[in-house]
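Colleague: predicted model and sequence below, questions to follow.
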Amino acid sequence: MFLPLPVPVPSARHRSAVASPANTSAAPSGADLLDFARSTAADVALVASLPLDPEGRTWMRLQGPGGSEAWLIGWPPGSGTGWHDHGGSHGAFATAAGLLTEQSLAAQLPTEGWKVLELADGIDRERQLSESQGRAFGPHHVHQVFNASRTGHAVSVHAYHPPLPMMRRYSRTGQVLRLEQVEWPQEWA
Ligand SMILES: [Fe+2]
């Protein structure tokens, strides 16, 4: 995910706008999370209900499937997450409006015991996700997501299972990735 989130939307807390699938006994798979993200992204009324702010991201917490954590996020032009992981959760996201760019690493990084890591050449990936497009990712996924538009907002739906236990945030200079911060759920609850 994507902290710090600069503009809270208090009235949207605890919203449960999307029904869970019939079978909630099993942990949701990546496909389940992606299905949720894409179907929620297609909920025009829900997407339109998210307040947008030109100065920063806005968000609304959703009820994800199978006990997952889910968010609807608004991205003003030029906003982004910075590099981060998801604390061992897997997840999915889908664009509901606009165009998002994801840069990711096609390599599994060691999660503990390092502060600075030199990345191998050739592991960078980039994709654009336009409206209704999404992707699932595994528990070791490291990425950054941003809205490269100069003029238009983007909106997206994100789901994580288990709910994010923590996140690691990184800075990157060339091929050097540096662990900068560990964030905990109470910081973005
Ligand atoms: Fe993320």
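Modeller: Looks like it arrived, so ask away. In this text the structure is predicted, and so the values were computed from the model without any measurement.
Colleague: going along the chain, name the strands of the protein.
Modeller: 58-63, 69-75, 83-84, 90-97, 99-105, 116-118, 124-130, 134-137, 143-146, 154-161, 167-173, 176-183 (DSSP state E).
Colleague: of all the ones you listed, which lies closest to Phe36?
Modeller: Taking Cβ to Cβ, strand 154-161 is the member of the strands of the chain nearest to Phe36, at 5.3 Å. Yep, even glycine has a C-beta here, placed from its N, CA and C like the rest.
Colleague: Provide the strand pairings for the closest one, with the direction of each partner.
Modeller: strand 69-75 (antiparallel), strand 90-97 (antiparallel) (DSSP bridges).
Colleague: what mean pLDDT does stretch 44-56 get?
Modeller: The average of the pLDDT scores along stretch 44-56 is 97.
Colleague: show me which helix runs longest in the protein.
Modeller: Counting by DSSP state H, the longest helix found in the chain is helix 30-41.
Colleague: could you check that helix and say which residues are buried?
Modeller: Gly30, Asp32, Leu33, Leu34, Asp35, Phe36, Ala37, Arg38, Ser39, Thr40, Ala41 (16 or more other Cβ atoms under 10 Å).
Colleague: ok, how many other residues are close to Val73?
Modeller: That one is not Val; residue 73 is Ile. Here the count is done by other Cβ atoms under 10 Å, and Ile73 has 24 residues near it.
Colleague: wait, Gln128
Modeller: Using other Cβ under 10 Å, Gln128 has 11 other residues around it.
Colleague: didn't it look like it was pressed against Leu99?
Modeller: Yes - with contact defined as Cβ atoms under 8 Å, Gln128 counts as touching Leu99 (5.9 Å).
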